[in-house]
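[1] My questions concern the predicted model and sequence given below.
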Amino acid sequence: MLDRKQKLSRLIELGLEVSQISDLDVLLEKILTEARKLVNADAGSIYIKEGKDTLKFSHAQNDTLQAKLGPGKKLIYTTFSMPINNKSIAGFVANNGTTSNIPDAYKISSVLPFSFDGSYDKISGYHTQSMLTVPLKNTRGQIIGVLQMINAQDDDGNIIAFLDEDEPLVQHFANMAANAIERAQLTRTTIMRMISMAELRDPKETGPHVNRVAAYSLEIYEAYAKRKGIPQKKIDAQRDALRMAAMLHDVGKVAISDNILKKPGKFTEEEYAVMKQHTVLGARLFNGARSDFDEIAEEVALNHHERWDGKGYPGHIDLETGKPLPGYADEDGNPRGKKEEEIPLFGRIVAIADVYDALSCKRVYKEAWSEEDVLEALKSGAGSQFDPELIDVFMEIIDVIRSIQARYPDRE
């Protein structure tokens with residue numbers, strides 16, 4: 001448990017750390033993790049304001065429930081919305097802009113307008129006791145969400161009330177977090193506008209699709225990286241850029257002619273050759289990397305159609321000219337496909353995420369496949385189309401994959 005001097009020192013560091021994260025989902029996870037550390041909370045959640053009068057339950061953590069899971073497993077949670085009013089604790093805090101510090105959620109005074117809903121405790125077997133709920137306010141004093149910490153702990157792990165002296169620290173952090181969230185929301189909005197532009201051209205490139213592919217990719221990478229013993233610091237450094245890059249994996253399709261992109265039937269060889277250029281065109285948008293995001297976005301756009309057996313595209317090419325790199329032309333003068341670990345890791349990851357989502361979802365030209373058939377297709381493609389070790393990782397985290405699929409349903 002941090003002392004007050006350590007908390008103040010950490011608070012200064014956190015201002016810089018959260019300001020450097022651009023992806024909204026990665027940022028929410030970071031904010032909740034660090035807020036809980038400041039007050040030694042066992043669990044917590046974040047609600048983000050949607051519209052004028054709704055809160056969306058957007059992220060949750062719970063160390064006690066996490067510890068009950070097997071190695072490598074993640075806590076599964078579902079998102080939901082609630083009205084901003086005085087009936088719930090989070091709704092009250094958002095409605096009034098004030099902090100609520102409750103020593104025991106099951107002993108809330110009847111004179112207060114809100115009450116605690118213990119239904120999740122009954123389902124999960126968890127016991128919520130102390131709760132510190134803080135509004136997320138931007139620099140203009142507007143409420144953009146709510147940060148909630150649950151079950152403060154002493155050094156021996158006993159549940160205690162949240163300290164009054166911690167409230168100003170958490171409120172200050174919440175204000176910094178709110179501004180970082182607004183910046184991340186602006187970034188997400190910009191990316192989604194690019195996706196919307198692509199969707200006008202290709203109906204398959206929808207917001208839910210790219211969010212699922214990005215979230216799947218992040219989970220595959222994290223599970224793989226932990227299996228390989230990659231330090232958590234390095235994992236954290238790349239998660240932010242990977243999620244955004246995965247959302248833009250097919251952005252090069254905006255440069256493909258409608259005659260090809262929207263063709264209902266099978267492509268001719270010439271049309272298919274043009275279609276495959278979306279990988280190169282997308283990668284060129286991020287060429288001349290000025291940041292980790294540019295570098296990873298170029299890697300993903302260029303390589304997510306390569307195959308483990310070397311039969312994918314666009315292969316070993318010069319990005320500027322589109323011609324084969326010296327020594328990498330096949331007998332017909334075409335670029336030789338990258339194979340196995342010649343394909344960059346993030347390209348191999350997004351390839352699996354993209355195919356899984358494409359097969360799982362209904363399209364104008366096909367019905368959704370059953371999960372059994374989709375998983376069988378991925379398993380049968382291990383060692384030919386896909387990196388076999390990454391397929392093993394994917395199967396190990398299938399529960400998390402399913403929860404992501406439910407979190408980003410297709411629009412009706």
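    Cool, got the structure.
[2] show me what contacts residue 322?
    Applying C-beta atoms under 8 Å, 6 or more residues apart in numbering, we find residue 322 in contact with 277, 280, 314. For the C-beta atoms, the positions are set from N, CA and C on the backbone; glycine is no exception.
[3] Where does the last one fall, secondary structure wise?
    Just to be clear, that refers to residue 314. Residue 314 belongs to no helix or strand when assigned by DSSP states H and E.
[4] hmm, back to that, quick one: which of the contacts of residue 322 is nearest residue 336?
    residue 314 (10.5 Å; C-beta to C-beta).
[5] Could you list the domains of the chain?
    Domain ranges of the chain: 4-183, 202-407, per automatic domain parsing.
[6] what's the span of the shortest one, first residue to last?
    The one in question is domain 4-183. With C-alpha to C-alpha, to the nearest Å as the measure, domain 4-183 spans 29 Å from end to end.
[7] re the thing from before, now rank the contacts of residue 322 by neighbours and give me the top one.
    residue 314 (22 neighbours; other C-beta atoms under 10 Å).
[8] ok, that one to residue 376 distance?
    Here the criterion is C-beta to C-beta, to the nearest Å. By it, residue 314 lies 28 Å from residue 376.
[9] do residue 285 as well
    Distance of residue 285 to residue 376, given as C-beta to C-beta: 35 Å.
[10] same deal with residue 16?
    Distance from residue 16 to residue 376, by C-beta to C-beta: 47 Å.
[11] Give me the more crowded residue out of these two.
    Comparing residue 16 with residue 376 by other C-beta under 10 Å, the one with more neighbours is residue 376, at 12 against 9.
[12] and the more buried one, that one's in a helix?
    Yes. With DSSP: H, G, I helix; E, B strand; the rest coil as the criterion, residue 376 is part of a helix.
[13] just so I have it, where are all the strands in the protein?
    41-50, 54-62, 81-83, 100-102, 131-137, 143-153, 159-160 (DSSP state E).
[14] Mean neighbour count added to those strands, as TSV?
    Formatted as TSV, those follow (neighbours: other C-beta atoms under 10 Å):
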stretch	mean neighbour count
strand 41-50	22
strand 54-62	20
strand 81-83	14
strand 100-102	20
strand 131-137	25
strand 143-153	24
strand 159-160	15
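[15] would JSON lines of these with distance to residue 183 be doable?
    Shown next, in JSON lines, are the strands of the chain (distance: least, C-beta to C-beta, whole Å):
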{"stretch": "strand 41-50", "distance to residue 183": "14"}
{"stretch": "strand 54-62", "distance to residue 183": "16"}
{"stretch": "strand 81-83", "distance to residue 183": "23"}
{"stretch": "strand 100-102", "distance to residue 183": "27"}
{"stretch": "strand 131-137", "distance to residue 183": "13"}
{"stretch": "strand 143-153", "distance to residue 183": "11"}
{"stretch": "strand 159-160", "distance to residue 183": "35"}
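[16] If we ignore the residues flanking it in sequence, what's nearest residue 218?
    residue 243 (5.1 Å; C-beta to C-beta, 6 or more residues apart in numbering).
[17] Spit out the contact partners of that neighbour.
    Residue 243 sits in contact with 23, 25-26, 214-215, 217-218, where contact means C-beta under 8 Å, 6+ apart.
[18] again, only this time at 10 Å
    22-26, 188, 191, 211, 213-215, 217-218, 221, 293, 296 (C-beta atoms under 10 Å, 6 or more residues apart in numbering).
[19] before we move on, what about residue 374?
    Contacts of residue 374 by C-beta under 10 Å, 6+ apart are 355-361, 368.
[20] now do residue 14
    30-31, 34-35, 37-38, 172-173, 176-177, 180.
[21] got a winner among these for most neighbours?
    That'd be residue 177 among the contacts of residue 14, by other C-beta under 10 Å, with 30 neighbours.
[22] The nearest residue to residue 281 once chain neighbours are set aside: neighbour count?
    Spatial nearest neighbour of residue 281, chain neighbours left out: residue 252 (3.6 Å); criterion: C-beta to C-beta, 6+ apart. By other C-beta under 10 Å, 20 other residues sit near residue 252.
[23] Out of the contacts of residue 243, list just those in helices.
    Members of the contacts of residue 243 lying in helices (criterion: DSSP state H): 24-26, 188, 191, 211, 213-215, 217-218, 221, 293, 296.
[24] any idea which of these has the most stuff around it?
    Tallying neighbours with other C-beta under 10 Å puts residue 213 at the head of these, with 28 neighbours.
[25] Hmm, residue 244 and that residue touching each other?
    No. Between residue 213 and residue 244 there is no contact under C-beta atoms under 10 Å: 11.7 Å.
[26] what sits in contact with each of those two?
    Both residue 213 and residue 244 are contacted by residue 300, under the criterion C-beta under 10 Å, 6+ apart.
[27] In contact with residue 229, which residues?
    Remark: with contacts taken as C-beta under 10 Å, 6+ apart, residue 229 is in contact with nothing.
[28] Looking at the domains of the chain, which is nearest to residue 196?
    Among these, if distance is taken as C-beta to C-beta, the winner is domain 202-407, at 7.3 Å.
[29] pLDDT on the closest one, on average?
    Average pLDDT, domain 202-407: 92.
[30] Same question for stretch 5-16.
    Rounded mean pLDDT across stretch 5-16 is 86.
[31] Please identify the buried residues of that stretch?
    7, 10-11, 14 (16 or more other C-beta atoms under 10 Å).
[32] One more: stretch 247-259?
    Within stretch 247-259, the residues that count as buried by 16+ other C-beta under 10 Å are 247-254, 256.
[33] Quick one: end-to-end distance for it.
    End to end - C-alpha to C-alpha - stretch 247-259 spans 24 Å.
[34] Stretch 330-350 now?
    End-to-end distance for stretch 330-350, by C-alpha to C-alpha: 26 Å.
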